[in-house]
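S.K.: Predicted coordinates and the sequence they were generated for:
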Amino acid sequence: MQKLLLTVDKFSTLVGQAFAWLIVTLTLLISWEVFSRYVISRPHAWAFDVMIMMYGTLFMMAGAYTLSKNGHVRGDVLYGFFPPRLQAALDLILYIAFFVPGVVALVWAGYVYAGESWVINEHSNITADGPPIYPFKTVIPIAGAVLLLQGIVEIIRCVLCLREGEWPSREEDVEEVDVDKLKQMVHVKDEDIEKLDALVIRQEAGKSS
Amino acid sequence: MRKEVWFGLSIMAAVVIGVFWLLPPAAQITNGHLGLLMLALIVIAIMLGFPTAFTLMGMGVIFAWLAYRSQNPQIAVQQTLDLMVQRAYSVMSNDVLISIPLFVFMGYLVERSNLIEKLFRSLHLALARVPGSLAVATLVTCAVFATATGIVGAVVTLMGLLALPAMLRAGYNIKVSAGVITAGGCLGILIPPSVMLIVYGATAGVSVVKLYAGAFFPGIMLALLYVVYVIVLAKLKPSLMPPLAESERKVAMPAFVKDIAATASNKVLPALIVALKGRRNADVPTSRIVRELMVTLLPAIVFVVLMGLIWHALTKPNIVTDTSNLQLTMEAPVEQASTSGLQEPPSAGTGLSEPPSETPAEPKAPEATTPAPATKAAPATAAPAVAAPVEWERIPAPTTFWIIFGTGLAALAIFYAIFTFTRLEIFKMLLASFFPLAVLILAVLGTIVFGLATPTEAAAVGSLGGFVLAAVYTLYALPSAQRARLLKIWIPLWILIAISIVWFLLLQFEVLESGPPMWIGWVTIVAAAIWCVLATFQLRLTGIVKESVFLTAKTSAMVCWLFVGSSIFSAAFALLGGQGVVERWVLSLDMTPVQFMILAQVIIFLLGWPLEWTEIIVIFMPIFIPLLPHFNIDPLFFGLLVALNLQTAFLSPPVAMAAFYLKGVSPPHVTLNQIFAGMMPFMGIQVIALALLYIWPAIGLWLPSILYK
């Protein structure tokens, strides 16, 4: 079971990371457009549409990836204090009550929405003769489907946790605050912090005396 | 289970019971009541710890369906689906939110460019004489670094690793040290360019540009208040922050300096010139002296070039300002309109009003004799006709310019009078750490605020700048032989890139008449592309870039999915008429604007305790914003207050994120309580700052009001 869960995790991660690279193309595209608009006075009408599409695709497709790494913001005040079983029970209920209806509705509605766009061969109307927009709208159902798949995995995780009493493990990923890496970056070793502790104790002692 | 859990659960139960007690019997329940129920439920659901984006989305769908069903059950499902997908799509194609991933990307790149250590060391030495110098250096480092990255956790952790040991070793009080780091680390979410203001702008429909201009001074004010507090505290109670030991203040000097200083003087400028003239009894190579001299003269060179360019742009002759031609033709006003965009309007105005006798004779510089062609923007047909009889003479520059010029000159003179070799070393260190980052921030912010580029464009170029910083700092971490080899390839590429940029800048200052030709532009683009690829592979930056890319994707997905959820949620809330109920209720309280403002800020302050700022802005701002017109409150001003207020959310125990990040890297005997106690004074300062901003709104609104009339 765990193997299957991790496989789906890997799939979501792969999809999310693949689309994450859009940020590099987005940066380069906008920088290039800035240069050609301001410096050599040759703006491109299609650039705005393409920027928006890159941004929209980027974050939509990264939704499942973020979910698989437990990266969506959650109210941590009480949740962190709960024992795993209670966490899992609450999550399970809320996944079924909120996540499933919401995301299923999104996939279905997105499917219809994109389908209509394909049928009329829709083009962007921000500029005259804009680029086609139907591929961009297709992102909604696809991103929703991947997210739904990841959500089902999370539901199974909740059930497993309810049975075992502890959360099944996840794959490691880059962290925003990776303490070990930051320590390495500024050349601070654990011993240094240990040594510092003596100073703290001395200061405390000096205060109480 | 722990006590806190029972406490939290009982609060939730109380909310549920209260809501049901308040609700009228089932038969009389209207949609408005459902809206309120929805609001109560969302608070509970968020407290339960389920990912907020999906809570909002699911609840929004369910309640939207309920709302539609009460109108027309047959098409309710269809309407709900339409609403949902349209809301999702509007977030996907939102031209404000697009800058979020770009700014986040820039932040991660700068964070990983490994300059914080240098930054802190150089500021520490530069500020060594200030009371509480290490604490002030920490605050300044935090302010600059946090502004560029906007990542609270990383800044607090890094400063906890760098500044906390330094402060403790210097005998600083633990509480003060902890407070300075946590408070400083949070500045990045207020001082623009910050993601929080983008999120607020997108939610409240306020221009991000105005928010940036507005938040600039309040952010600086808050940072200054922190610094003033620390300095005053250090003066009053030196035992908390003892002055630095001599060894901590010592600046390592290169050997040749001693020789020069011994023979000539300790002042850099005369000493180097004397040394260059041949009285060098030491074996200092001339090239080395020239290089030091260049660094020494850098401020003067920058000043002269900048003032020269401004002077050129100001005094450039054009038809409009020549009084003899003013009443000539109909074209005059047209040209005024076309040329005024190119130069600063206020200064041109003052230039006209000055009597010529008052202006010094200096403007008749040699350049004045060279005939300058007609202003570029003037229509080709009109320019020669009107301009022909006029001898090209420079317009006298406005007095303001000469005042600024004189002040600058005096400042430079003082600077060189006290510029010793110790200061030169510190200056060089700052040049390598503080100035690049400051220039990056100011360039990004300046282009946005002065309307030269949109936030999106500035953020993208800023990300590229972050990459360049990462590359250059990695380069300077390499052994010098390898560095020289790389620079041999890089410098030609940089020169190619610089051609267009310099050309463009000269065009902006009206030195040149037309932009660079197409082929030079392409040369620059190709050179830039080659450099990016080369730098990535030669310095093995792929790791840094890859991590930043993945983190950017996760953070943007987190924020933007929250937006998808909340826009569906707030649509459902509006459909149910919840907004109307809230509005009627607030208006029935019959509050004055001041009371309402204070109430709103208190509510946001309290919400900051259990919730994160993203959730507060995205969920609760749509409820507050429609109330503002009733009280004649400017949403821009409200946004600034909210941004300042949410700073406290990071510092208010027991869930202050900053404290936990610091605890994670501090010595084991530093307790959470000590950190919390250290944060308290800074929370107090935040409240004072909030009050100051409220009493004098001009602190925030002055800049936007003069920039965007």
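M.R.: Sure thing, it's come through.
S.K.: hang on, isn't B:E425 packed against B:V251?
M.R.: Yes. Shown here, B:E425 and B:V251 form a contact pair, counting by C-beta atoms under 8 Å, at 4.8 Å. Where C-beta positions appear, they are placed from N, C-alpha and C, glycine not excepted.
S.K.: Who has more neighbours out of these two?
M.R.: Ranked by neighbour count (other C-beta atoms under 10 Å in any protein chain shown), B:E425 and B:V251 place B:E425 first, with 18 against 15.
S.K.: Now do the buried residues in the helix or strand encompassing the more buried one.
M.R.: Element membership of B:E425, judged by DSSP states H and E, is helix B:421-449. For helix B:421-449, the buried set under the neighbour-count rule, 16 or more other C-beta atoms under 10 Å in any protein chain shown, comprises B:421-427, B:429-430, B:432-434, B:436-437, B:440-441, B:443-445, B:447-449.
S.K.: What about chain A: which of the residues you listed touch it?
M.R.: Restricting the buried residues of helix B:421-449 to those touching chain A (C-beta under 8 Å from any C-beta of the partner chain) yields no residues.
S.K.: Chain B versus the residue nearest to the spatial centre of chain A, what's the distance?
M.R.: Most central in chain A under C-alpha atoms, centre = their mean is A:T66, positioned 2.8 Å from the mean C-alpha point. Between A:T66 and chain B the computed distance is 4 Å (C-beta to the nearest C-beta, to the nearest Å).
S.K.: measure A:E191 to chain B for me?
M.R.: On the measure of C-beta to the nearest C-beta, A:E191 and chain B end up 11 Å apart.
S.K.: A:V153 too?
M.R.: Taking C-beta to the nearest C-beta, one finds A:V153 at 14 Å from chain B.
S.K.: tell me which element that residue falls in.
M.R.: Going by DSSP H and E, A:V153 is part of helix A:134-164.
S.K.: who's in contact with the residue nearest to A:C161 when sequence neighbours are not counted?
M.R.: Nearest in space to A:C161, with sequence neighbours left out and distances taken as C-beta to C-beta, 6 or more residues apart in numbering or on different chains, is A:A88 at 3.7 Å. Residues in contact with A:A88 (C-beta atoms under 8 Å, 6 or more residues apart in numbering or on different chains) are A:R157, A:C158, A:V159, A:C161, A:L162, A:W167.
S.K.: One more: B:F450?
M.R.: B:L707.
S.K.: Next, give phi and psi for it.
M.R.: Taking degrees, to the nearest 10, you get phi -80, psi 10 for the backbone angles of B:F450.
S.K.: now A:H123
M.R.: phi -120, psi 160.
S.K.: Relative to chain B, how far out is it?
M.R.: 14 Å.
S.K.: and that residue, how many neighbours?
M.R.: Neighbours of A:H123 (other C-beta under 10 Å): 16.
S.K.: Settle this for me: it is touching A:F136, isn't it.
M.R.: No. When contacts are counted by C-beta under 8 Å, A:H123 is not listed as touching A:F136 (11.0 Å).
S.K.: What ranges does chain A have for its strands?
M.R.: Counting by DSSP state E, no segments of chain A form strands.
S.K.: give me the low-pLDDT residue ranges for it?
M.R.: Scanning chain A for pLDDT under 70 picks out A:207-209.
S.K.: Name the residues of the stretch 451-600 of chain B found near chain A, please.
M.R.: Near chain A, when you scan the stretch 451-600 of chain B using C-beta under 8 Å from any C-beta, you find B:453, B:456-457, B:460-461, B:463-464, B:500-501, B:503-504, B:515-518, B:520-521, B:524-525, B:532, B:545, B:547, B:549-562, B:565, B:568.
S.K.: hmm, which of these are the buried ones?
M.R.: B:453, B:456-457, B:460-461, B:463-464, B:500, B:503-504, B:515-516, B:520-521, B:524-525, B:532, B:545, B:547, B:549-562, B:565, B:568.
S.K.: Which of those fall in strands?
M.R.: Using DSSP E, none of those sit in strands.
S.K.: Show me these that map onto helices.
M.R.: B:456-457, B:460-461, B:463-464, B:500, B:503-504, B:520-521, B:524-525, B:532, B:545, B:547, B:549-562, B:565, B:568 (DSSP state H).
S.K.: quick one, helices of chain A?
M.R.: Counting by DSSP H, the helices of chain A are A:2-20, A:22-34, A:47-68, A:76-79, A:84-94, A:100-119, A:134-164, A:179-185, A:190-208.
S.K.: Of all the ones you listed, which one comes closest to B:S10?
M.R.: With C-beta to C-beta, the closest approach to B:S10 among these belongs to helix A:76-79: 11.0 Å.
S.K.: What residues of that closest one count as buried?
M.R.: A:V77, A:L78, A:Y79.
S.K.: what helices or strands is it leaning on?
M.R.: helix B:3-22 (3 or more C-beta pairs under 8 Å, 6 or more residues apart in numbering or on different chains; DSSP states H and E).
S.K.: So which elements touch the helix it packs on?
M.R.: Using 3+ C-beta pairs under 8 Å, 6+ apart: helix B:3-22 touches helix A:76-79, helix B:31-47.
S.K.: out of the ones you listed, nearest to B:V670?
M.R.: Closest among the helices and strands packed on helix B:3-22, using C-beta to C-beta: helix A:76-79, at 22.3 Å.
S.K.: Show residues contacting that closest one.
M.R.: A:Q87, A:L90, B:E4, B:V5, B:G8, B:L9, B:M47, B:L48, B:G49, B:W609, B:P610, B:V655.
S.K.: ok, B:F50 - how many residues close by?
M.R.: 24.
S.K.: Could you check how far it is from A:G151?
M.R.: When C-beta to C-beta, to the nearest Å is the yardstick, B:F50 and A:G151 sit 12 Å from each other.
S.K.: And for B:F54?
M.R.: 8 Å.
S.K.: Tell me which of the two has more neighbours.
M.R.: Between B:F54 and A:G151, B:F54 has the larger neighbour count (other C-beta under 10 Å), namely 28 against 22.
S.K.: Surely the more buried one touches B:L562?
M.R.: No. Taking contacts as C-beta under 8 Å, B:F54 lies outside contact range of B:L562: 9.6 Å.
S.K.: and for the two, which residues touch both?
M.R.: The contact lists of B:F54 and B:L562 share A:H72, where a contact means C-beta under 8 Å, 6+ apart.
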